[in-house]
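sequence first, then the predicted structure:
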Amino acid sequence: WDLGEAAATMQRLGREAAAFERKLEDHRLARAESAASTRARLEQLDRGLRAHQARFEAERAEQARSNSELSELAAACVEEHRGGRMESEAFLQQSEQRRAALDAS
C-alpha cells in the first residue's frame, strides 16, 4: 500500500461513516416522529373513548330515570284500575240489591 492509497481509503471510510451516521440519525428521527404520532393518535382515541363512555353513562342514567317514571305510572294505573274495579263491583252489588228488592215487592 502506498500513502496515497491509504489516504484515499481513509477518506472513503470517513465518507461512508458520515453517511452511515446521517442515515442512523434520520432513522432515529423517523422513529421519534412515529412514536409521537402514535402517542397523539392514542391520546385522540382515549379522548374519544372517554366521550363515548360519558354519553353512555348519561344515556343509562336517563334510561334509569325513565324506567323509574314508567314504573311509578304503571303502579298508579294499577291502583286506579283496582279502585275502578271496586267501584264497579259496588255498583253491581247495589244494582243486584235493588233488583232483588224490586223482585221481592
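It's in. Numbers count the residues shown, from 1 in each chain.

so what's the residue count around Ser88?
10 (other Cβ atoms under 10 Å). C-beta: built from backbone N, CA, C; applies to glycine.

what about it, which helix or strand?
helix 3-104 (DSSP states H and E).

next, work out how far apart Glu43 and Ala35 are.
13 Å (Cβ to Cβ, to the nearest Å).

now stretch 39-46: average pLDDT?
Mean per-residue pLDDT for stretch 39-46: 98.

list the buried residues of that stretch.
The neighbour-count check on stretch 39-46 (16 or more other Cβ atoms under 10 Å) flags nothing as buried.

what's the spacing between that stretch and its chain's center?
Taking Cα atoms, centre = their mean, to the nearest Å, one finds the center of stretch 39-46 at 16 Å from the center of the full chain.

got the CA coordinates for it in CSV?
Backbone C-alpha positions of stretch 39-46 (Å, rounded to 0.1, in the frame of the first residue of the first chain) are rendered in CSV as follows:
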residue,chain,number,x,y,z
ARG,A,39,-48.9,8.8,21.1
ALA,A,40,-51.0,11.6,19.7
ARG,A,41,-53.3,9.0,18.0
LEU,A,42,-53.7,7.0,21.2
GLU,A,43,-54.5,10.2,23.1
GLN,A,44,-57.1,11.1,20.5
LEU,A,45,-58.6,7.6,20.7
ASP,A,46,-58.6,7.8,24.5
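
give me the low-pLDDT residue ranges for this protein?
1 (pLDDT under 70).

80 - rerun?
In the predicted model of the chain, residues 1, 83, 85 satisfy pLDDT under 80.
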